[in-house]
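have a look; sequence and predicted model below, questions after that.
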Amino acid sequence: MLVIYDSYIHSGRIPMFLRKRFKELPPLKGGNEKKWITSYVDVRHQWLKYHEKPILRKTIYRTQVFINEIERNNWNLEKLPINANGVKVK
């Protein structure tokens, strides 16, 4: 839910052009939730990292937090602390 929420507050939605960059179906259509979220976060991270607008490139800290927690298998955000851009969330 946090990944979806972040997309909406940052981009106003989940951009369709990003969804088209990976094959995993959304869970509502039978896709694997963890694979979909991982794919979406990876694609969004790359898009932000190489965006033509420098200000958007500076926002990859958002997706990096998600990548870090996915790598820790911290899907429910129960493993604390969570390092959110240098701030330890407990």
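Here it is on my side, so go on.

list of residues touching the host helix or strand of Q46?
Assessed by DSSP states H and E, Q46 sits inside helix 33-49. For helix 33-49, contacts defined as CB atoms under 8 Å, 6 or more residues apart in numbering pick out 3, 7, 14, 18-19, 21-27, 56-57, 59-60, 62-64, 66-67, 70, 75. Placement of C-beta: from N, CA and C, glycine included.

could you flag which of the residues you listed are buried?
Those of the contacts of helix 33-49 that meet the buried threshold are V3, S7, L18, E24, T59, I60, R62, T63, Q64, F66, I70, by 16 or more other CB atoms under 10 Å.

got a pLDDT number for the closest residue to H51 other than its chain neighbours?
Of all residues not flanking H51 in the chain, R57 sits nearest, at 5.4 Å (CB to CB, 6 or more residues apart in numbering). Residue-level confidence at R57 comes out at 97, pLDDT.

against N73, how distant is R57?
For R57, the distance to N73 equals 28 Å [CB to CB, to the nearest Å].
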